[in-house]
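> Build me a structure from this.
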Amino acid sequence: MKPSIVVIGAGPAGVMASIKAAHSGKGVVLIEQNSFIGKKLLLTGKGRGNITNMAGQESFLNYFNKNALFLRDAFRKFFNKELCDFFTSRGLRLKTERQNRVFPESDMAADVVKVLEKSLDNKNIELILNTKVTDILVENSTVTGVVLDSHRKIIVKKVILATGGVSFPRTGSTGDGFRLVKKLSHKVTQLRPGLVALVSKDKWVRSLQGLTLKNVKVIFSQKNKRVESCVGELLFTHFGISGPLVLDLSNRVNSWLDTQGVSATIDLKPGLRKEQLESKFLRETNGKKEIKSFLRLLLPLRLVDVFIYRCNLDPHKKISQITKKERQAIVNLLKALDFKIVSTLGLDKGMVTCGGVSLKEIDPRTMQSKLINGLYFAGEIIDVDAVSGGYNLQAAFSTGFLAGESASSG
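You can find the predicted model right below:
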């Protein structure tokens, strides 16, 4: 069949776009620079394949860091229920876990990719692997085809760009799509790493490398800006902090780092008020117990030395001997263990890319470019991003579905 549509990128957005367009009877050429499809998809959910989240649409949109309203049309067309039906109708059994996260029952992202591979086995789809698109051909602001790195030209009037971002370049997200659209005078907003670990120069933070804190809160602030996590898990690293709480707020923090550092505080006892913590000290009946021994009842062992240092305490001082000022210093630190964030890790270390093709230049009803007739966008190349939990992947599938439907309708 003579191709009508070229899809560039065989991640979740590109594959869904190809399947939807081919289902409409159009000839599709899907081009992927890797030797197989869905390479980055294999990493989602720590390799378990967190394909979506079953939150309601309004709640779902709240988990995007900005530009969420742009996705309304795509979600109306194809949302979490439709995505789950897509996979279950093809034999993949799913399960919903805490926080409404959806995984394959096998806990293997590879099983998700297998379903997508099988769905591409369609007479209307030609899959070309190990190949790059080097140019999108345009005349009079209208797509006329693409050029491959083999110098082959494919003449089509519709191109769907689903090349992903620039995070995890080893998976194929090397920024090629951004270079292609810039040639066509499309604006690409500033690219930043998303869902990324944060860097601190505080020596005591780095000294805690490998320590995981559970059931804590983290708060980030800068002047009149403030964001607070839920209760969860945080990890100290050799460069700063990571873990679920940090990654989910990192996109927000990253946007504040242009001007100055960001203050971070950890609430080590979010379930207790300061007054309750002070009462713990006052109720301690064994006055001969050393402060260091008492702190071991409240903190991981490696944090005890940090508290001794930060509060300038004599570790061998008896509980009965500590002053009110010392007691309050310990309580304050339990509720607000503070340090500075100076940067994030690089773009290549982010799980997602923040920034992308400007939404001002994309029609949200079709995913078509407002500058180039016949050019469509889908997935991470678009300037939308969310916290972890299946939200980003759903956005990729949904925008891919809409782009495939729109490109095949003309």
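> When you work out contacts or count neighbours from here on, use the C-alpha atoms and nothing else.
OK.
> tell me which strands and helices the lowest-mean-pLDDT helix or strand in the chain is in contact with?
When each helix and strand of the chain is scored by mean pLDDT, DSSP states H and E, helix 274-283 comes last, with a mean of 84. Where contact means 3 or more Cα pairs under 8 Å, 6 or more residues apart in numbering; DSSP states H and E, helix 274-283 is packed against helix 324-335.
> Could you list the residues in contact with whichever helix or strand comes after the helix it packs on?
Sequence order places strand 337-341 as the next helix or strand after helix 324-335, per DSSP states H and E. Strand 337-341 is touched from outside by 198-202, 205, 240, 261-268, with contacts defined as Cα atoms under 8 Å, 6 or more residues apart in numbering.
> swap in stretch 400-410?
Residues contacting stretch 400-410 (Cα under 8 Å, 6+ apart): 5, 12-22, 24, 26, 74, 77-78, 158-160, 162, 366-368, 374, 376-379.
> Same check on stretch 353-373?
Stretch 353-373 has contacts (Cα under 8 Å, 6+ apart) with 70-71, 73-74, 138, 141-143, 165-167, 178, 181, 184, 186-194, 251, 347, 374-378, 380-385, 399, 402-403, 406.
> what residues does whatever helix or strand comes next after the least confident helix or strand of the chain touch?
Downstream of helix 274-283, the first helix or strand assigned by DSSP H and E is helix 291-295. Residues from elsewhere that reach helix 291-295 (Cα under 8 Å, 6+ apart): 304, 308, 314, 315, 316, 317, 318, 319.
> In CSV, list these along with distance to residue 152.
Formatted as CSV, these follow (distance: Cα to Cα, whole Å):
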residue, distance to residue 152
304, 65
308, 68
314, 75
315, 73
316, 77
317, 78
318, 80
319, 79
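> measure stretch 65-74 end to end?
Start-to-end span of stretch 65-74 (Cα to Cα, to the nearest Å) is 17 Å.
> What of stretch 68-83?
In stretch 68-83, first residue to last residue: 19 Å (Cα to Cα).
> Can you give me the buried ones in that stretch?
Neighbour counts over stretch 68-83 (16 or more other Cα atoms under 10 Å) mark 68, 70, 71, 72, 73, 74, 75, 78, 79, 80, 83 as buried.
> can you give me the angle the biggest strand by length in the chain makes with strand 337-341?
Across the chain, the longest stretch assigned as strand under DSSP state E is strand 212-222. Following axes from the mean of the first three to the mean of the last three Cα atoms, to 10 degrees, one obtains 60 degrees for the angle between strand 212-222 and strand 337-341.
> rewinding a little: which residue in the contacts of helix 291-295 has the weakest pLDDT?
Minimum pLDDT for the contacts of helix 291-295 is recorded at residue 319 (83).
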